[in-house]
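Visitor: Any chance you could fold what I've pasted below:
(chains A, B and C)
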Amino acid sequence: MNNIYTQLQTLGIVLPPVATPAAAYVPFVVQGAWIYLSGHIAKKEGLAYCGQLGLTMSTAEGYEAAKGVAIDLLGTLHAACLSVGQDLNHIDKIVKVMSLVNSTAQYTEQHLVTNGCSELLGAVFGSRGQHARSAFGVAQLPMGACVEIELVATLKT
Amino acid sequence: MNNIYTQLQTLGIVLPPVATPAAAYVPFVVQGAWIYLSGHIAKKEGLAYCGQLGLTMSTAEGYEAAKGVAIDLLGTLHAACLSVGQDLNHIDKIVKVMSLVNSTAQYTEQHLVTNGCSELLGAVFGSRGQHARSAFGVAQLPMGACVEIELVATLKT
Amino acid sequence: MNNIYTQLQTLGIVLPPVATPAAAYVPFVVQGAWIYLSGHIAKKEGLAYCGQLGLTMSTAEGYEAAKGVAIDLLGTLHAACLSVGQDLNHIDKIVKVMSLVNSTAQYTEQHLVTNGCSELLGAVFGSRGQHARSAFGVAQLPMGACVEIELVATLKT
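Guide: Residues are numbered from 1 along each chain as shown, chains lettered A, B, ... in the order given. The predicted model follows:
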């Protein structure tokens, strides 16, 4: 595996700073080899990227939103690694992704939306980025965001 | 505890092959003693078992669908064990189940639907199959499936 | 950190007995240092606290409901610790909270509702109580409950 930061550069990805949660929780928790990231909502110009799949957004737009969330998750994952003196090159595995897609009662392409996140993780981490996943349609999301994704990863030990 | 495969035979359960995910993720991830299974949607004759509880399906039908998902999860769990040179007899614990029930805004029996999965896990694994659980109603699921369930388990070490 | 039980007393919190799940699962699973709690629904006088945010309940009422769930989760966490000969003073970290808010398709303050739980955990455990979190709006919950929350924690080793 190449250096992850070189790979990010090749893919044209600039890691964002960690977003400060608006509430009584933290963006990540590291416990031993395990890293838990909070659910990250899709953003546009720093604000919640609002919309509902099947009503105001297409699957292609949802895919791009999920890809944007993946980049924000990588920024937080980088910070989580730094907090224990490591970096993204020490990620052993992206273990699991949970993807919440703001959906009407008729919209059934949550898996295609979520591929925007999953494919980016694969592009960045190769086989280490292949993860277990659940994707489903939720009634609404905080601040009206179109997508929210949380992630579990492990560090090499 | 008896041999799990004998127990499956006694219960008349035939393990299915692992379904290939339609997307950029994998059916399971094994990290040390921990096994994470992706959300598995209910299937009927190889296709998504479509329906919404409270609209087109009864609780009894949902229960059977969740039982079917449990059998598919066992097939994947078997494959996950094999991938690290173990089998289902080396499962230490079914730790957690998350059950997503495709529900109208009025349907409130997600717990009874999910029992279709939980009771089968108990029948197969005995006390090792007793798990923590969350069950809730989602707005929609990929491909219109009526139920999606993910599972976390551990291997004996 | 002070004694957690003294802290509970200072906050006027009386731990409830562990609710018996109505189904084929258990309130908690302990695996090594990890504790998984089942999703706990909001209760009122021993029954499901029914309601939907955006329809029959305000954000302030939802906040109080989530705070009530946090107290029930603490009762179960206490029991989980006891089951392995420990108590709440041996909790190393509240790792993750998943909060399901019964929401209309228009309600977007799930994060503010969930703060009712997160802030209580912070008040009880201090920095050990700061957790990763996902909060989202679900179509419905078992028995019509307004909020359901699950929790992952670790024990000191």
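
Visitor: alpha carbons only for contacts and neighbour counts from here, please
Guide: OK.

Visitor: Chain B contacts on chain A?
Guide: Residues of chain A found near chain B (C-alpha under 8 Å from any C-alpha of the partner chain) are A:95-96, A:103-112, A:115, A:118-119, A:122, A:130-139.

Visitor: Which members of the residues you listed occur in helices, if any?
Guide: A:110-112, A:115, A:118-119, A:122 (DSSP state H).

Visitor: Which single one of the residues you listed is nearest to C:W34?
Guide: A:S118 (27.0 Å; C-alpha to C-alpha).

Visitor: Go ahead and confirm the closest one touches A:L151.
Guide: No: counting by C-alpha atoms under 8 Å, A:S118 does not reach A:L151; the two are 10.7 Å apart.

Visitor: which of those two has more neighbours?
Guide: Neighbour totals were compared for A:S118 and A:L151, and A:S118 leads with 26 against 23 (other C-alpha atoms under 10 Å in any protein chain shown).

Visitor: That one and A:Q140: what is the separation?
Guide: Remark: distance between A:S118 and A:Q140 (C-alpha to C-alpha, to the nearest Å) = 22 Å.

Visitor: How about A:D92?
Guide: Remark: distance between A:D92 and A:Q140 (C-alpha to C-alpha) = 33 Å.

Visitor: what's the answer for A:H131, then?
Guide: From A:H131 across to A:Q140, the span is 25 Å (C-alpha to C-alpha).

Visitor: Pick out whichever of these two has more residues nearby.
Guide: Between A:H131 and A:Q140, A:Q140 has the larger neighbour count (other C-alpha under 10 Å), namely 32 against 28.

Visitor: Show me the shaky parts of chain A.
Guide: Across chain A, the ranges flagged by pLDDT under 70 are A:1-2, A:21-23.

Visitor: And the helices in it, which stretches?
Guide: Under DSSP H, chain A gives helices at A:4-10, A:59-83, A:110-125.

Visitor: Point out the most buried one among the ones you listed.
Guide: helix A:110-125 (a mean of 23; mean count of other C-alpha atoms under 10 Å in any protein chain shown).

Visitor: what packs against that helix?
Guide: With contacts taken as 3 or more C-alpha pairs under 8 Å, 6 or more residues apart in numbering or on different chains; DSSP states H and E, helix A:110-125 sits against helix A:4-10, helix A:59-83, strand A:91-102, strand A:132-138.

Visitor: Any idea which of these gets closest to chain C?
Guide: strand A:132-138 (5.4 Å; C-alpha to the nearest C-alpha).

Visitor: what about the closest one, distance to the chain center?
Guide: On the basis of C-alpha atoms, centre = their mean, to the nearest Å, strand A:132-138 sits 12 Å off its chain's mean C-alpha point.

Visitor: go on, stretch A:76-92?
Guide: 15 Å.

Visitor: Quickly check: that stretch near chain C or not.
Guide: No: using C-alpha under 8 Å from any C-alpha, stretch A:76-92 never reaches chain C; the gap is at least 11.6 Å.

Visitor: what does that stretch rub up against?
Guide: A:3-5, A:17-19, A:27-30, A:35, A:37, A:128, A:153-156 (C-alpha atoms under 8 Å, 6 or more residues apart in numbering or on different chains).

Visitor: now do stretch A:5-16
Guide: A:71-72, A:74-75, A:88-89, A:124.

Visitor: Reformat the residues you listed as CSV; add distance to A:T59.
Guide: Below are those laid out as CSV (distance: C-alpha to C-alpha, whole Å):
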residue, distance to A:T59
A:I71, 19
A:D72, 20
A:L74, 23
A:G75, 25
A:L88, 30
A:N89, 32
A:V124, 23
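
Visitor: Contact partners for A:T59?
Guide: A:T59 touches A:53, A:109, A:112-113, counting by C-alpha under 8 Å, 6+ apart.

Visitor: hmm, which two among these are most spread apart?
Guide: Greatest spatial distance in these: A:L53 and A:L112, 11.4 Å, computed using C-alpha to C-alpha.

Visitor: Hmm, A:E64 is touching A:N115, no?
Guide: No: counting by C-alpha under 8 Å, A:E64 sits too far from A:N115 to count as a contact (9.4 Å).

Visitor: Quick check: the two most widely separated of the contacts of stretch A:5-16?
Guide: Using C-alpha to C-alpha, the contacts of stretch A:5-16 reach their maximum pairwise distance at A:D72 and A:N89, which is 17.2 Å.

Visitor: ok, A:E45 - how many residues close by?
Guide: A:E45: 6 neighbours (other C-alpha under 10 Å).

Visitor: Next, it: phi, psi?
Guide: Taking degrees, to the nearest 10, you get phi 50, psi 40 for the backbone angles of A:E45.

Visitor: Roughly how far does it sit from A:G12?
Guide: In terms of C-alpha to C-alpha, A:E45 sits 18 Å off from A:G12.

Visitor: Not counting its neighbours along the chain, what's nearest the most centrally placed residue in chain A?
Guide: Nearest to the geometric centre of chain A sits A:A70, at 3.3 Å (C-alpha atoms, centre = their mean). Closest residue to A:A70 apart from its sequence neighbours, by C-alpha to C-alpha, 6 or more residues apart in numbering or on different chains: A:C117 at 5.0 Å.

Visitor: Residues of chain A that sit close to chain C?
Guide: A:23-29, A:31, A:36-40, A:100, A:104, A:138-144, A:150.

Visitor: Pull out the buried residues from those.
Guide: Buried members of the residues of chain A next to chain C, counted by 16 or more other C-alpha atoms under 10 Å in any protein chain shown: A:24-29, A:36-40, A:100, A:104, A:138-144, A:150.

Visitor: Quickly note the distance from A:Y25 to chain B.
Guide: 21 Å (C-alpha to the nearest C-alpha, to the nearest Å).

Visitor: cool, and A:A65?
Guide: From A:A65 across to chain B, the span is 16 Å (C-alpha to the nearest C-alpha).
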